[in-house]
Every structure is written in C-alpha cells, then in structure tokens.
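[1] here is my input; please provide its structure:
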Amino acid sequence: VQLQASGGGLVQAGGSLRLSCAASGRTLSNYVMGWFRQAPGKEREFVAGISWSGGSTYLADSVKGRFTISRDNAKNTVYLQMNSLKPEDTAVYYCAVRAGKIFVSVATYDYWGQGTLVTVSS
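    The predicted structure follows:
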C-alpha cells in the first residue's frame, strides 16, 4: 500500500487547510485510515481516525471542534479538514492505515505516508 499525503502549507493562526491522503496499491476494504502529526522534538501523536464505512470517527481532544476527518472510498482518499488553526498545530502530518478498528497507537498502523508539513504562524 502506498499513501500520498498532500495539502500542507503555511497558514496564519485562525486559518484553515485541508489535507488529503490518497491510497494505492491494493483494495483497502475494512481498513481504518488515520492522521497523525509530529512536531519538532516531540513524539508522533494521533490526530484523527475514521472507519472503513466512515460511520465511526475519533479525534484527539486537542483538535475536537476544529478538525474533521472524512473519506471517499471510491477515490481511496481520506481528508482532514483543519479549521481555527493554532501555532501549536504546526507539525508534519502523516496518514496511516490499519485493519480493524480505530486505534490511537502509532505502533498499530501498518502503512504510512511520507508526511506533509503544516506551519501555523501567530
């Protein structure tokens, strides 16, 4: 499975960005897709996850009410809509895939994209 993340960039605090992650290489039936981020000097952390059907989502407390995760299975793509961005959201954002249920642990995800940098200026 190959994952290609895109959509990062530089934005002012309070602004919005939408990240995309396109998957290819195999049919991702029953796969959870998730977003993680890693700020400089910090460990990679879970941001959001979505079930295969899209009916179940889970967001980290730090982004609830500001970020939304969605997916288009016809396009094998997951999106992360990020609103009301804060400087502390600055990080490299990674998409990842795992079979089964949504988990927040980095170690439980099987495939990873290359990351896209989001920089939020104050």
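
[2] could you give the bridge partners of Leu59?
    Ala48 (DSSP bridges).

[3] go on, Leu80?
    When bridges are called by DSSP bridges, Leu80 pairs up with Leu19, Ile69.

[4] isn't Tyr111 up against Gly34?
    No. Tyr111 lies out of contact with Gly34 (C-beta atoms under 8 Å); the separation is 10.6 Å. All C-beta spots, glycine's among them, are computed from the backbone N, C-alpha and C.

[5] between those two, which is the more surrounded one?
    More neighbours sit around Gly34 than around the other of Tyr111 and Gly34, counting by other C-beta atoms under 10 Å; the figures are 27 against 17.

[6] please name the nearest non-neighbouring residue to the more buried one.
    The shortest distance from Gly34 to any residue that is not its chain neighbour, by C-beta to C-beta, 6 or more residues apart in numbering, is 3.9 Å, and that residue is Gly49.
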